[in-house]
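Colleague: predicted model, plus sequence, below.
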Amino acid sequence: MGPGFCRYTLSKKELDFVEAEFKASNEKKAAQLAAQLKEQRRRAFVMQNLDIANLTPLYVSGWENKHFKKPLQTAYEAFHQQDYETAILNYKAVLAQNPLNKAAHLGLAIALYFTHKYEGALNAMLDYSDLFNDGLFFEEIRFIVHLRNRLKDEDEYFSFSMEEIENEFQEEALVKDEKENATVINSIVVSEKILEMQQI
């Protein structure tokens, strides 16, 4: 051995301490990585489902919601701050007082979806569709289909592909446009006849 060199061997206690520190450090890094991955997946899920999130309004509207404005507004704000559990609690509070509140059924379905409770979301959405006698918007039907697909439900009514549903809505839109065009043309013809009569 050269001058100043000293061979030093760690005791078992010191080795155990170093090993424990190393393991704890790795576990901490693993936990941090897992937390980062979880957050990335959560953000990706939110971004992929913005069309569903946008079904939740920012503010309460409609005379039927005036008695439930505070809990509904709290639910909307909590949802858009991604505090889904608070949103769910407030929607349930509204439904406990008024089981026929459509806004709460729709909001509950969406909040449950974002907590990955797909079966509960589907049930809330079906309750909502039962209450909505005038029919559902395209985005709402698409949400139900999406939930069915998530649950791999083979229900015949919801076995349509998204393409078939979109085609159906496009056909309805064309019929509506044709009716509106016919109304405009009729009003032009009537206006021309009135002008002719005035000139005579």
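Modeller: Happy to help now that I have it. Model, not experiment: these values are computed from the prediction.

Colleague: what about this protein, any weak spots by pLDDT?
Modeller: 1-10, 30, 63-65, 133-134, 153-200 (pLDDT under 70).

Colleague: can you give me the strands in it?
Modeller: Using DSSP state E, no strands are found in the chain.

Colleague: can you pull out the helices in the protein?
Modeller: Listed in chain order, the helices of the chain (DSSP state H) span 12-48, 50-53, 69-80, 84-97, 102-114, 118-131, 138-151, 162-199.

Colleague: in CSV, list the ones you listed along with mean neighbour count and distance to residue 62.
Modeller: In this view, the C-beta of every residue, glycine as well, is placed from N, C-alpha and C. What follows is these, written out as CSV (neighbours: other Cβ atoms under 10 Å; distance: least, Cβ to Cβ, whole Å):
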stretch, mean neighbour count, distance to residue 62
helix 12-48, 10, 26
helix 50-53, 14, 20
helix 69-80, 19, 10
helix 84-97, 18, 13
helix 102-114, 24, 7
helix 118-131, 18, 13
helix 138-151, 18, 16
helix 162-199, 10, 24
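
Colleague: and those as JSON lines, adding distance to residue 61?
Modeller: Shown next, in JSON lines, are those (distance: least, Cβ to Cβ, whole Å):
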{"stretch": "helix 12-48", "distance to residue 61": "24"}
{"stretch": "helix 50-53", "distance to residue 61": "18"}
{"stretch": "helix 69-80", "distance to residue 61": "9"}
{"stretch": "helix 84-97", "distance to residue 61": "15"}
{"stretch": "helix 102-114", "distance to residue 61": "9"}
{"stretch": "helix 118-131", "distance to residue 61": "17"}
{"stretch": "helix 138-151", "distance to residue 61": "17"}
{"stretch": "helix 162-199", "distance to residue 61": "24"}
